[in-house]
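# After the sequence you'll find the predicted model.
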Amino acid sequence: MQCRQQKRYAFRNERTIYSRKCDKTGQDLVSMFPPGTRFLVYANAEWWKDDFDAIVYGRGIEWNKGIFDQMYDLQKVVPRTHTANFSDDTLENSVYVNCAGNMKNCYLVFGAINDENCSYSAYTNESYGCMDCFFCLKSNGCYECVDIDQCYNLFFSQGSQLCRDSAFLYDCRSVSDSIACVGLRQKQYCFLNKQLSKEEFLKVKAGLFTGSYEKIQAMRRRFESLKAGYPRKFVSGEKNEESSGDFLWNTKNCKNCFDTYDVQDSKNCTWFAQSKDCQEVFAWGNMELCYEVVSGGEQAYHSAFTLISYGCKYSYYVDHCMNCTNCFACVGLKNKQYCIFNKQYTKEQYEELVPKLIELMQRPSSDAQLPEWGQFFPNVYSPYGYNETVAQEYFPLTREEALGIAKPQSVDPVETPRHGRASLHGPFNWSEYEAPLPVMEKAITAEQMKKLPDNIDDIPDEIVNWALTCEVSGKLFKIIKPELRFYRENRLPIPRKHHDQRHRDRMLLRNPRTLWPRQCDCTDPQHQQHTERCSVSFETTYAPSRSEKVYCEGCYLKTMY
């Protein structure tokens, strides 16, 4: 299962963007494809125009050649949209976004919708003025948060809802004006889970938010120490029935699913919504009876092995196709039906040919590989390099490992801060493109970064014209003007890490998307009939070897409420 997950992730680029030209008009673009890509790249608006119709690339069936090979030949010539954004018409002053829609004044935001004035974030939806957030919903003015919902002015927090004017919260609900607290419900003026008076709390807050980097780091360490001693619920989410996974909301009979809501009768799906009867899906939803999908949905029905395709029905092995019905092995089509390899057929011809193609795909190939039918696209058919995709975030590989030159190491995701590695049949692609460095007024080296002023008050306005060096990766990054204004207004220090490294750090606050069997750790006689350990067992993303106390839902609710 993990190998299939890795394969799907390798077909989705969310965060890697480049400057390039539109191959149709020559206009400047910020694209998820670098210059020199093996296929043509059109600006989204040009791709959707009526004067572009990929039916012109149609070709006949070569019965002596594998279906995947024929489709790959087609993929190499059919133009693609320059980003995976919903529509450029829904983006206002938001050029540096991808897999996004309905965005205004957003910068480096990915996998998001309905945001305004947000930056450096991923999966941040219906939010305003949030920065450096990961899985943030309906929130305002939040910074460095993970998995928050309906929060306001919340900093350095995780897994909290309906919280405001606070910092360093974990698993809190309806908490306000509090700092460094875990598991609180409907509290105000708390520090390190202790009740303070309003005056006492304001004194603590004023002492923390001075603009000092060292003070924030020291509080982060105290918060992590406090957090380690509190129990965790075995799964994040609510209103689930007969389901397993993590970050589940309103699911029924869903197995091994993650970041999923309003879904039923589905299995092995991730970042998935408003669907039923689906398996092996990564990214988006609103589909039924679909299998092996990457980036799809919008009323998709009874389709399988689809890539970046929306609104398709009764279609198989389609790539970058929109609102197509009864299409097989097609690339880049819009509003078509009864097509094979982008060639138009009659209904009768299509229904006669497709069973023969499936029969051909069911035969083992001459080099003893698995039959093509029932397999997702080969790894090398991804339009991206492995290092450009979500796969590199969850299953990091070196260049040699991805290309099959070196054997991937076997890494236990429990014992390492990374999400683990997996070995698949055949190599991946790897992007060798190196973007030219931007021209900056001044470059701050790693050694000079160590001597940056600790306090935001001592940082000059000219820093927005400098290139800073990440203290972890060594990559150059910059501070933009709205970002610096945010730090000054909120008495926060400037970051010392590249925005990609900050994203990786936030990812590590979440558990890997892997399930282990485990028994409830609760032994508190206040919550049990006896002093023995609770007998409830479950599947959880907390591995048995981890140190956290993990409770079943019943024990957790009795403890926290």
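Now that the structure is in, tell me what you want to look at.

# Now do the phi/psi pair for the nearest residue to residue 72 once chain neighbours are set aside.
Closest residue in space to residue 72, ignoring its immediate chain neighbours: residue 381 at 5.5 Å, by C-beta to C-beta, 6 or more residues apart in numbering. For glycine as for every other residue, the C-beta is placed from the backbone atoms N, C-alpha and C. Backbone torsions of residue 381, given as degrees, to the nearest 10, read phi -80, psi -10.

# Please tell me the pLDDT value assigned to residue 381.
On pLDDT, residue 381 comes in at 93.

# how long is stretch 226-235 end to end?
End-to-end span of stretch 226-235 (C-alpha to C-alpha, to the nearest Å): 20 Å.

# Could I get the buried residue list for that stretch?
Across stretch 226-235, burial judged by 16 or more other C-beta atoms under 10 Å covers 226, 227, 230, 231, 232, 233, 234, 235.

# Surely the fifth one touches residue 551?
It stands for residue 232. Yes - using C-beta atoms under 8 Å, residue 232 is in contact with residue 551, at 7.0 Å.

# ok so, going back, name the nearest of the buried residues of stretch 226-235 relative to residue 88.
Using C-beta to C-beta, residue 235 comes nearest to residue 88 of those, at 38.2 Å.

# show me the contacts for that closest one.
244, 245, 246, 248, 538, 540, 541, 553 (C-beta atoms under 8 Å, 6 or more residues apart in numbering).

# At which residues are the strands of the stretch 251-400 of the chain located?
Remark: strands assigned in the stretch 251-400 of the chain by DSSP state E, counting those that start in this stretch are 257-276, 279-285, 287-288, 291-297, 300-301, 304-310, 316-319, 325-331, 337-340, 343-344.

# In helices, which of the buried residues of stretch 226-235 appear?
Applying DSSP state H to these, the entries found in helices are 226, 227.

# Identify the residue nearest residue 287 in space, chain neighbours excluded?
Using C-beta to C-beta, 6+ apart, the nearest residue to residue 287 is residue 300, at 3.9 Å.

# out of everything not next to it in sequence, what's closest to residue 493?
Residue 493 sits nearest to residue 213 (C-beta to C-beta, 6+ apart), 3.7 Å away.

# Now do the same for that neighbour: its pLDDT.
So residue 213 comes in at 97 (pLDDT).

# Near it, how many residues? Count them for me, please.
Residue 213 is flanked by 17 other residues according to other C-beta atoms under 10 Å.

# mind listing what it touches?
Neighbour list for residue 213: 454, 455, 493, 494, 496 [criterion: C-beta under 8 Å, 6+ apart].

# if I read this right, the second one contacts residue 212, doesn't it?
Yes - checked against C-beta under 8 Å, the pair residue 455 and residue 212 is within contact range at 5.3 Å.

# any common contacting residues for the two?
residue 493.

# Looking only at neighbour counts, state which of those two leads.
residue 212 (19 against 16).

# What separation is there between that one and residue 479?
Counting by C-beta to C-beta, to the nearest Å, the gap from residue 212 to residue 479 is 17 Å.

# cool, and residue 496?
To residue 479, residue 496 is 11 Å away according to C-beta to C-beta.

# any common contacting residues for the two?
Listed as contacting both residue 496 and residue 479 by C-beta under 8 Å, 6+ apart are residue 468.

# Run through the residues that contact the spatially closest residue to residue 515 that is not a sequence neighbour.
Once flanking residues are discounted, residue 515 sits nearest to residue 539: 4.4 Å by C-beta to C-beta, 6+ apart. Going by C-beta under 8 Å, 6+ apart, residue 539 touches 234, 244, 515, 516, 517, 518.
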